[in-house]
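>>> test case, fold it:
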Amino acid sequence: MSYWFKFQIPTNSDGTRVSYSPNYHGTMPHCPRDVTILLYNDKEGYGIAQTEDTFIPKEVTVLTSKVALATLADVKVRDGVYIGQAIVDRWDVEEVLNGR
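Model prediction:
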């Protein structure tokens, strides 16, 4: 069974988004396994992911595939919004070092 979920990206006390590592999918005491990140939207403070795990953490919002796919289709990559290859490139050390 697969499900889609939306997770929150928290802010620091000064209002800026927290820094997080690749594959971050929310803050929770127990995380689902085999999570695929599909979107990070630092601008609006959320991300969307998919998992094959049956465990659903109370900290996430489960989405229907229709809602998740519609949200992903409407997203435009811009500063602070990462989808598809932009997620991969975000943590590509060579890209970062070369200022791209």
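>>> CA atoms for contacts and neighbours, from now on please.
Will do.
>>> okay, now the unreliable bits of the chain?
Within the chain, the stretches with pLDDT under 70 are 93-100.
>>> in this protein, which spans are helices?
65-74, 85-90, 93-97 (DSSP state H).
>>> so for the second one, what gets flagged as buried?
In other words, helix 85-90. By neighbour count with 16 or more other C-alpha atoms under 10 Å, helix 85-90 contains the buried residues Ile87.
>>> count the neighbours of the closest residue to Arg17 other than its chain neighbours for me.
Closest residue to Arg17 apart from its sequence neighbours, by C-alpha to C-alpha, 6 or more residues apart in numbering: Thr11 at 4.2 Å. Around Thr11 there are 13 other residues, counting by other C-alpha atoms under 10 Å.
>>> Thr11 and Val18 touch, don't they?
Yes: the pair formed by Thr11 and Val18 meets the contact definition of C-alpha atoms under 8 Å, at 5.2 Å.
>>> ok, now which ones touch Arg33?
Contact analysis of Arg33 by C-alpha atoms under 8 Å, 6 or more residues apart in numbering lists 51-53.
>>> apply 7 Å and report the result again.
With C-alpha atoms under 7 Å, 6 or more residues apart in numbering as the criterion, the residues that contact Arg33 are 51, 53.
>>> cool, Tyr82 as well?
With C-alpha under 7 Å, 6+ apart, Tyr82 has these contacts: 39-41.
>>> try Ser13
Contacts of Ser13 by C-alpha under 7 Å, 6+ apart: none found.
>>> roughly how far does it sit from Val88?
Distance from Ser13 to Val88, counting by C-alpha to C-alpha, to the nearest Å: 28 Å.
>>> same thing with Tyr20?
14 Å.
>>> give the residues shared as contacts by those two.
By C-alpha under 7 Å, 6+ apart, no residue touches both Tyr20 and Val88.
>>> picking that back up, the helices of the chain into TSV, with extra columns for distance to Phe5?
Converted to TSV, the helices of the chain look like this (distance: least, C-alpha to C-alpha, whole Å):
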stretch	distance to Phe5
helix 65-74	8
helix 85-90	17
helix 93-97	28
